[in-house]
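Engineer: Could you look at this predicted model? Sequence included:
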Amino acid sequence: MPVSTPRPTVEPATVWLVASGDLRPSANAAGWPVQEAMEAALGDAFGKLGWTVRRAHEVDPAKGHGFIDSQRMGLTVFGSIPSDAPLVVAEAVWQYSHHVLAGLRTHRGPILTVANFDGTWPGLVGLLGVNAGLTKMGTAYSTLWSVDFTDDWFLEGLRSWVDTGTVPQDASHVRPLPPLPATPERELGHAVADQLMADKAIIGVFDEGCMGMYNAIIDDELLNPLGIYKERLSQSALFAEMSTVPEAETTAVRTWLTERGMRFETGTDEATELTDEQLRQQFAMYIAALRISDDFGLDAVGIQYQQGLKDLVAASDLAEGLLNNAERPPVRSRDGSRVLWEDRPLPHFNEVDEGVAVDALLSNRIWTAMGLDPATTLHDVRWGEEYDGRFVWVFEISGSIPASHLAGGYAEAVSLRQNPVYFPAGGGTLSGVSRPGEIVWSRLYIADGALQLDLGRGRAVELPEEETRRRRQATNPEWPVMHAVLDGVSRDQFMARHKANHIQVVYAPDAGVADRALAVKAAAFARLGVSVHLCGDVAIEAG
Ligand SMILES: C[C@H](O)[C@@H](O)[C@@H](O)C(=O)CO
């Protein structure tokens, strides 16, 4: 008879530790020293409570790291962990949640996810990704983070976890959307939602499931009632279409951008520098994505890129940032008769994050109906620190923002080579510092088997050049950054609550308009049957 692997028995005052990593050997090796330092600090903190940390998997000297780097390895590792043992998932790098979610789904002991509050590598992004996966699965977990693992908040949380198996978190900043009065905003929100449910829309997904982001996959049964359907596309088709784009067309895209002042920092070394050939591929992808989207009548599009395509062609991000902007290099249909999505964005969702797809689609329609710039983007929740008495987040998408998010538009945009650690085939970003201004932020996610939307207000702020430089150097300087302040939400409230590695942002011209746009968005999502949660200070009339 088949027998399952026997698990060891639980030992007193012993916590088991797993560390999920990337699939890319380069990213795992690069992030390993920071992970080691974090685990040492975490071990000290547990030690002070009289607990021992036991790593469930060894460091592999041949690989140069100690991360779980595949789902298969995750299954093997979990086979060696007592099912009832207290378990810590420790993250200092960007990680693929599916490496550990299978094991976590059936783990019976208390689970704690922990990250270092540090920007060097996207460990906080990884933490939020795994938390969102656990939330979607309905697996209970506690979560903590710390700059150096010696602060009182962290130590109290850790003590609570070893004593009780849970960590209390402050969610006092969250309230359910109240019934809305009959305002023009509610009317518009309902109209947008009703039209979507009646006429329906299609999101094009070029290969589902980027980098183990289980949280970013919305099942059809949850998506279709909103009126949104998936067109499942293959990145192979995108690659094939790219090869049909003549050089004259890619050159025209580059010329259009250069004429508007965008700067490309190019060199000749394919391995470390941005080259003309990489840019040609990126513009071919931009054109190909528009043409295929036209073929299938898409309302939004997403490209997986990491993995698979990243070994074939330069990064998808530049194409993605361009697609999300109203002012874009014109691309004609194959027969030359039509400019595709002329003077308007084709909403794009990076890393095929379907929560972003729905949000971007709705935001696009609402902002457009209100006569506002609909350029929207996701950012990674990368890091943050206090500046001048307030907490300023580092929101940093791993590639490109729409140019209208920069004060000077394309004239201020710089394209820098993507980091070889993640992007072996290179490609340029559309980078810069997001202009100061009012924002509506949001995240659509799955919890309790249903779609939920967290919605809040805030602003992008300006920081002195030196502080901006410091923050970018401390993270990924080639990626565009937003210095974001969220209204009425503290760092720890946000971290405890947020159910995604990504956050969605849209600008509004002033605070009053941003409040109104938020009200429309809340009304639209509520009408679609999504549970809407207001986070922090949100000015909204109750009916
Ligand atoms: C380059 C990295 O893989 C990033 O793409 C990663 O940190 C993310 O963006 C995760 O949201």
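Structural biologist: That came through, no problem. Numbering: from 1, shown residues only.

Engineer: what comes into contact with stretch 336-348?
Structural biologist: For stretch 336-348, contacts defined as Cβ atoms under 8 Å, 6 or more residues apart in numbering pick out 289-291, 293-294, 298-303, 320, 323-328, 330-333, 357, 360-361, 363-364, 368, 374-376, 402. All C-beta spots, glycine's among them, are computed from the backbone N, C-alpha and C.

Engineer: these two touch, right, residue 211 and residue 23?
Structural biologist: Yes: assessed by Cβ atoms under 8 Å, residue 211 is found in contact with residue 23 at 7.5 Å.

Engineer: The stretch 51-200 of the chain: helices as residue ranges?
Structural biologist: 71-78, 98-106, 123-137, 152-164, 184-199 (DSSP state H, counting those that start in this stretch).

Engineer: what comes into contact with the longest one?
Structural biologist: For helix 184-199, the external contacting residues (Cβ under 8 Å, 6+ apart) are 180, 225-228, 361-362, 365-366, 369-370, 516, 519-528.

Engineer: Quick check: PyMOL command selecting the buried ones in the residues you listed.
Structural biologist: Buried members of the contacts of helix 184-199, defined by 16 or more other Cβ atoms under 10 Å, are picked up in PyMOL with:
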select buried, resi 180+226+227+228+361+362+365+366+369+516+519+520+521+522+523+524+525+526+527+528
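
Engineer: now, which of the contacts of helix 184-199 lie within helices?
Structural biologist: 361-362, 365-366, 369, 516, 519-527 (DSSP state H).

Engineer: For the most far-flung residue of the chain relative to its centre, give its distance to the ligand.
Structural biologist: Computed with Cα atoms, centre = their mean, the maximum C-alpha offset from the centroid of the chain is found at residue 1, amounting to 44.4 Å. Note on residue 1: its distance to the ligand, by Cβ to the nearest ligand atom, to the nearest Å, is 43 Å.

Engineer: one step back: give me the buried subset of the contacts of stretch 336-348.
Structural biologist: Applying 16+ other Cβ under 10 Å to the contacts of stretch 336-348 flags 289-291, 293-294, 298-303, 320, 323-328, 331-332, 357, 360-361, 363-364, 374-376, 402 as buried.

Engineer: returning to that earlier point: looking at the contacts of stretch 336-348, which are in strands?
Structural biologist: 300-303, 376 (DSSP state E).

Engineer: Just put those residues in CSV and tack on distance to the ligand.
Structural biologist: Putting the ones in strands among the contacts of stretch 336-348 into CSV (distance: Cβ to the nearest ligand atom, whole Å) gives the following:
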residue, distance to the ligand
300, 18
301, 18
302, 13
303, 12
376, 16
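
Engineer: Would you check which pair of those residues lies furthest apart?
Structural biologist: Greatest spacing in those, by Cβ to Cβ: 303 and 376 (16.5 Å).

Engineer: where does this structure have low pLDDT?
Structural biologist: By pLDDT under 70, the chain contains no weakly predicted segment.

Engineer: try 80 this time
Structural biologist: 543 (pLDDT under 80).

Engineer: How about the residues of it by the ligand?
Structural biologist: Counting by Cβ under 6 Å from any ligand atom, the chain comes close to the ligand at 94, 122, 125, 306, 351, 380, 398, 422, 501-502.

Engineer: Cool, thanks, signing off.
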